[in-house]
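J.: quick one, fold the following:
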Amino acid sequence: MKAIHLNNRPVGTPQLSDFKFETEEQPHITTGEMLLKAIYLSVDPYLRGRMNEGKSYIEPFELNKAMSSGMIAEVVESKLDGFSKGDFVSGMLEWKEYQASNGEGLMKVDGSMAHLSAYLGVLGMTGLTAYMGLIEIGKPKAGETVVVSGAAGAVGSVVGQIAKLLGCRVVGIAGTDEKVAQLKAEYGFDAAINYKTTENMSHAIADACPDGVDVYFDNVGGEVSDGVMLNVNRFARIIVCGAISLYNATTMPMGPRVQPILIKNSVLMQGFIIFNYMEKFAEAIPQLAQWLQEGKLTSTETIVEGFENTPQAFLDLFEGRNKGKMIVKI
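T.: Predicted coordinates:
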């Protein structure tokens, strides 16, 4: 079987040479284990940080060992109570075609409630990140203006839809005219901005948000967020979920000093990781599933076929080549 290892720690933007395919023996399971076959694999921007050495909220990947991320796998053999052949599970698993597991950290998923890939997206870490960040930190109120950067991505597209369900005016920021059109036509955003063709983000935000910005869900950082910051209202809430524009930087970029803005407007700015809210997953997942089944949430996926294309799918995230959730179908 094939496995994908971290071959080098990238300097700047990752390259295909930073990954290495290895051939390994398919594992044999013992009592208390099950054999899993990879079905769908999630690639996400946060994995870039795990390719670096250094302290973070999660351990870095080890060189010359398999990488890992969210995955949907099928149980092909089981010697573990509670799991049977034919079950499907979701959890953090290694980038391998087959692997043994004792079930720790895995949960069964039901393909009859939603397509299996949805458990890596709107019903998985993506949807939970959108829901928890917006609800727990943003605390949006009906009639407020919510701005979302990276709005056509996996998290951003769900954030915008939830904000609309809660009665907010929603403005999205994306990187192509096609994505801008998609935000309005498919996801129901009230307005959208193409940051790549916008000369002055602050002015563009002001035009799209005549009443100012009450909640900002930040997925990108950098100059896009600088423009939003200049338009925040008093008591605004800024949710710092990601900073993809900075992940490949080799030096610390200089930007506006935000403290005067935060002080003057009594603004809350808070970063988070989804694991901060694990105890609330049980209430969030049914709500997301209900909205999905009622047709109130639209889930968009970019499916890349083939395990061998996993590294390229990951690299494509940094070029904005995905619409919604980027998933590799093994």
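
J.: what does stretch 102-115 contact?
T.: 32-34, 72, 80, 82-83, 87-93, 116, 119, 122-123, 289, 292-293 (CB atoms under 8 Å, 6 or more residues apart in numbering). Bear in mind the C-beta positions are built from the backbone N, C-alpha and C, glycine included.

J.: in helices, which of these appear?
T.: A289, L292, Q293 (DSSP state H).

J.: that older thread, just the buried members of the contacts of stretch 102-115?
T.: In the contacts of stretch 102-115, burial by neighbour count holds for 33-34, 72, 80, 83, 87-91, 93, 116, 119, 122-123, 289, 292, counting by 16 or more other CB atoms under 10 Å.

J.: give the buried residues for stretch 53-64.
T.: Buried-residue list, stretch 53-64, by 16+ other CB under 10 Å: F61.

J.: so how far does that stretch reach from one end to the other?
T.: Stretch 53-64 has an end-to-end distance of 14 Å (CA to CA, to the nearest Å).

J.: the top strand by length along the chain: partners in the sheet, and parallel or antiparallel?
T.: Counting residues, the longest strand found in the chain (DSSP state E) is strand 68-78. Using DSSP bridges, the strands paired with strand 68-78 are strand 34-42 (antiparallel), strand 88-94 (antiparallel).

J.: which elements pack onto the helix or strand just after the last one?
T.: Pointing back at strand 88-94 there. Per DSSP states H and E, the first helix or strand lying C-terminal to strand 88-94 is strand 98-101. Contact here means 3 or more CB pairs under 8 Å, 6 or more residues apart in numbering; DSSP states H and E; on that basis strand 98-101 packs against strand 34-42, strand 88-94.

J.: let me see the mean pLDDT of the next helix-or-strand element following strand 98-101.
T.: Using DSSP H and E, the helix or strand that follows strand 98-101 in sequence is strand 107-108. The average pLDDT within strand 107-108 is 93.

J.: partners of strand 107-108, with directions?
T.: Checking strand 107-108 against DSSP bridges gives partners strand 88-94 (antiparallel).

J.: now tell me what touches the partner strand from outside.
T.: With CB under 8 Å, 6+ apart as the test, strand 88-94 has contacts from 3, 36, 38-39, 66-75, 83, 99, 101, 103, 105-111, 116, 119-120, 124.

J.: tell me which of the strands paired with strand 68-78 sits nearest to A174.
T.: Across the strands paired with strand 68-78, A174 has its closest neighbour in strand 34-42 (20.7 Å, CB to CB).

J.: output that closest one as CSV, nothing but the C-alphas.
T.: Taking C-alpha atoms only, strand 34-42 is exported to CSV below (Å, rounded to 0.1, in the frame of the first residue of the first chain):
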residue,chain,number,x,y,z
MET,A,34,-9.8,-2.8,13.1
LEU,A,35,-8.4,-2.4,9.6
LEU,A,36,-9.4,0.8,7.9
LYS,A,37,-9.5,1.6,4.2
ALA,A,38,-9.2,5.3,3.3
ILE,A,39,-12.2,6.6,1.3
TYR,A,40,-12.1,10.4,1.6
LEU,A,41,-9.2,12.6,2.8
SER,A,42,-9.4,16.3,3.8
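
J.: the protein: helices as residue ranges?
T.: With DSSP H as the criterion, the chain has helices spanning 47-50, 125-132, 154-165, 177-185, 201-208, 222-229, 259-265, 281-293, 310-317.

J.: TSV for the ones you listed, including mean pLDDT and distance to F21?
T.: Shown next, in TSV, are the helices of the chain (pLDDT from 0 to 100; distance: least, CB to CB, whole Å):
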stretch	mean pLDDT	distance to F21
helix 47-50	94	17
helix 125-132	95	25
helix 154-165	96	26
helix 177-185	96	32
helix 201-208	98	41
helix 222-229	95	33
helix 259-265	96	47
helix 281-293	92	34
helix 310-317	97	9
